[in-house]
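Asker: predicted model and sequence follow; I will ask about them next.
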Amino acid sequence: MSYPDVIRRAESALKKAEEELLSGKEGIAEQLLVGLSNSVLAPDAEKARERMQNLDESRYVKWERWKEDPEFSVPFWEDEGYLSIDSSAHQTRDPDWYAKMSGTSGFVADMRASRKVKMPTLNGKRDGEPTSVGQPANTWLLDFVVLSSLRLSFKTRWEQLVRDIVRKRHRTDLVLVAETLGLESHYVIGICQRIKNLDDKISEYDPLDSSMNMTYICRNPDPSLQPLVDIQD
């Protein structure tokens, strides 16, 4: 099985886990982590397990002074695999290439709708002590942080594959990159827009020179790079 196919297979299992979590099930993360632990994605599983064990519930469940019930939200931090929600408008932030490809743009909103959130305190009351690390009152959060961590890891792996290919050479045909990795061209463009250096150039369409269509120009390539998956020039 090719490396991209390994990621895709893991993403398929992750998608099923997301559907189960939205349906109300809990304790679904462990089987997923065990399945990944004997693969090249084992470091991703280890990272996800560590995040679960060190879960700080206060990052995800909060309440305002003027509200009666706590609310679930995702911090707008770089270590989250799902899009956060604008707390004032309750709308999902602009999805990036991976949220679109994985179909997870509205996952946090769906989680909010599928769960009644408990007060994140030891006694279940507003004046209680916060829950302990790794032992949330909202136990489904343990699954959520694992799935979120895995999403971020897989996204990072796709971006690294593209990054190594386009930075190895001065000019890269992005159509060929898409075909080699089994990704749609517009997702490859989205990745390139995220990982490009300031001096690099991405040409989706050039009305003056069609040979430059879907091309990545790297101003300072590194020929010593050895991508895990590479195109054939």
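Answerer: Okay, I see it.
Asker: what's the local residue count around Val145?
Answerer: Neighbourhood size, Val145 [other Cβ atoms under 10 Å]: 27. Every C-beta, even on glycine, is put in place using the N, C-alpha and C of the backbone.
Asker: spatially nearest residue to it, not counting backbone neighbours?
Answerer: The shortest distance from Val145 to any non-neighbouring residue, by Cβ to Cβ, 6 or more residues apart in numbering, is to Arg51 (5.0 Å).
Asker: the residue lying closest to Gly24 once chain neighbours are set aside and Ser149, how far apart?
Answerer: Once flanking residues are discounted, Gly24 sits nearest to Ser114: 6.6 Å by Cβ to Cβ, 6+ apart. As judged by Cβ to Cβ, to the nearest Å, Ser114 and Ser149 stand 20 Å apart.
Asker: and what of Thr121?
Answerer: Thr121 sits 25 Å away from Ser149, going by Cβ to Cβ.
Asker: the more surrounded of the two?
Answerer: Ser149 (23 against 18).
Asker: which residue, other than its chain neighbours, is closest to that one?
Answerer: Ala48 (3.9 Å).
Asker: top helix in the protein by residue count?
Answerer: As assigned by DSSP state H, the longest helix anywhere in the chain is helix 140-166.
Asker: for it, the distance to its chain's centre please.
Answerer: Centroid displacement of helix 140-166 relative to its chain, using Cα atoms, centre = their mean, to the nearest Å, is 4 Å.
Asker: which other residues reach the very next helix or strand once past that helix?
Answerer: Toward the C-terminus, helix 140-166 is succeeded by strand 171-173 as the next helix or strand (DSSP states H and E). When contacts are defined by Cβ atoms under 8 Å, 6 or more residues apart in numbering, strand 171-173 is touched by residues Ile165, Val166, Met214, Thr215, Tyr216, Ile217, Cys218, Ile231.
Asker: Thr180 is in contact with the last one, correct?
Answerer: If I follow you right, that is Ile231. Yes: counting by Cβ atoms under 8 Å, Ile231 touches Thr180, with 4.9 Å between them.
Asker: looking at this protein, which helix or strand is least sure?
Answerer: strand 91-92 (a mean of 60; mean pLDDT, DSSP states H and E).
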